[in-house]
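Participant: Please find the sequence and the predicted model below.
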Amino acid sequence: MIVKTDNKSVLQLAPFEAEALQVFARRVRRARLRRNLTQADVAERAGLSRGAVVAAETGAAGTSLGTVVRILGVFG
């Protein structure tokens, strides 16, 4: 759900959505570390910015499905 506060739109997730995003974030980080890759390595292989990988690994609510798909492609 998008909530407007102080003339800004903020994405607010339901609890189950937030938990799913956190689980994904932890798994991405573990997969990256198991393969001895840096965030920059994953970003380069996925065609993303390092910031997008950082956002995915921290469970940022604005992580797009396209970003998720590209990161998953790195890990096969």
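Facilitator: Looks like it came in fine. None of these values were measured; they are calculated from a predicted model.

Participant: Now do the strands in this structure.
Facilitator: Applying DSSP state E to the chain gives strands spanning 2-5, 8-11.

Participant: where are the low-confidence patches of the protein?
Facilitator: Scanning the chain for pLDDT under 70 picks out the ranges 1-10.

Participant: which residue is nearest the middle of the chain?
Facilitator: Among the residues of the chain, residue 56 comes closest to the average C-alpha position under Cα atoms, centre = their mean, at 1.5 Å.

Participant: Around the closest residue to that residue other than its chain neighbours, count how many other residues there are.
Facilitator: Excluding the flanking residues, the one nearest residue 56 by Cβ to Cβ, 6 or more residues apart in numbering is residue 63, at 5.0 Å. Glycine gets a C-beta too; all of them are placed from N, C-alpha and C. Residues contacting residue 63 under the criterion other Cβ atoms under 10 Å number 21.

Participant: cool, the one 4 residues further on as well?
Facilitator: Other residues within reach of residue 67 by the criterion other Cβ under 10 Å amount to 18.

Participant: Then the one 3 residues further on?
Facilitator: Burial of residue 70 is recorded as 19 neighbouring residues (other Cβ under 10 Å).

Participant: How about it, nearest residue that isn't a chain neighbour?
Facilitator: With sequence-adjacent residues excluded and distances taken as Cβ to Cβ, 6+ apart, residue 70 is closest to residue 46, at 4.0 Å.

Participant: which residues sit in contact with the one you found?
Facilitator: For residue 46, the contact set (Cβ atoms under 8 Å, 6 or more residues apart in numbering) comprises 52-53, 67, 70-71, 73-74.

Participant: run the last query once more with 10 Å
Facilitator: With contact set as Cβ atoms under 10 Å, 6 or more residues apart in numbering, residue 46 has these partners: 52-53, 56, 67, 69-75.
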